[in-house]
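>>> predicted coordinates and the sequence they were generated for:
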Amino acid sequence: YRFNNKAYLLQAFTHASYFKNRITGCYQRLEFLGDAVLDYMITRYLFEDERQYSPGVLTDLRSALVNNTIFASLAVKYDFHKHFIAMCPGLHHMIEKFVKLCSERNFFDANFNSESSDAMQQSLLPGQQG
């Protein structure tokens, strides 16, 4: 994919604490839009699946797929975290801890379990953002 407006990339990786970016705002507005798009795409994919899940199972599957732990893990897997711009040492420390935890727990292995998920979620708690 090639961006027509590369400012979106800068905005997508800019945390609200980074006040030196005078070109774009922070990622929060894009996050709002992206969350809605991802939720729709995953909901549609699950709804159209040939297995015809019940409404309760659809809800559980969507909740399992649309969450911060999954998104943060994908960001680490594809090295997006290396481009994150912030002026919050506590946030950088939390990201480093999460990356280490992903590596230690082999989070990207097919043997992902609820214990790993709980540990990942615990590392993302808002109180630890500094």
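Yep, that arrived. Numbering: from 1, shown residues only.
>>> rest of the way, CA atoms for contacts and neighbours
Fine.
>>> buried set for the lengthiest helix in the chain?
Taking residue count as the measure and DSSP state H as the definition, the longest helix of the chain comes out as helix 28-48. With burial defined by 16 or more other C-alpha atoms under 10 Å, the residues of helix 28-48 counted as buried are 39, 42-43, 46-47.
>>> would you turn those residues into TSV with distance to residue 12?
Written out in TSV, the entries for the buried residues of helix 28-48 read as follows (distance: C-alpha to C-alpha, whole Å):
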residue	distance to residue 12
39	18
42	21
43	23
46	27
47	29
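>>> residue 93: which of the residues you listed is nearest?
Residue 93 lies nearest to residue 39 out of the buried residues of helix 28-48, by C-alpha to C-alpha, at 28.9 Å.
>>> measure that closest one to residue 33 for me?
Residue 39 sits 10 Å away from residue 33, going by C-alpha to C-alpha, to the nearest Å.
>>> residues in contact with stretch 19-36: which ones?
Among residues not part of stretch 19-36, those counted as contacts by C-alpha atoms under 8 Å, 6 or more residues apart in numbering are 7-8, 10-16, 18, 87.
>>> can you give me the helices for the protein?
In the chain, the segments counted as helices under DSSP H are 7-12, 28-48, 55-65, 68-77, 89-104, 114-123.
>>> circling back to that earlier point, buried among the contacts of stretch 19-36? Make that a PyMOL selection.
Entered in PyMOL, the line below selects the buried ones among the contacts of stretch 19-36, by 16+ other C-alpha under 10 Å:
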select buried, resi 8+10+11+12+13+14+15+16
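>>> pipe the helices of the chain into TSV and attach mean pLDDT per row.
Shown next, in TSV, are the helices of the chain (pLDDT from 0 to 100):
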stretch	mean pLDDT
helix 7-12	96
helix 28-48	95
helix 55-65	93
helix 68-77	89
helix 89-104	92
helix 114-123	56
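>>> okay then, goodbye and thanks.
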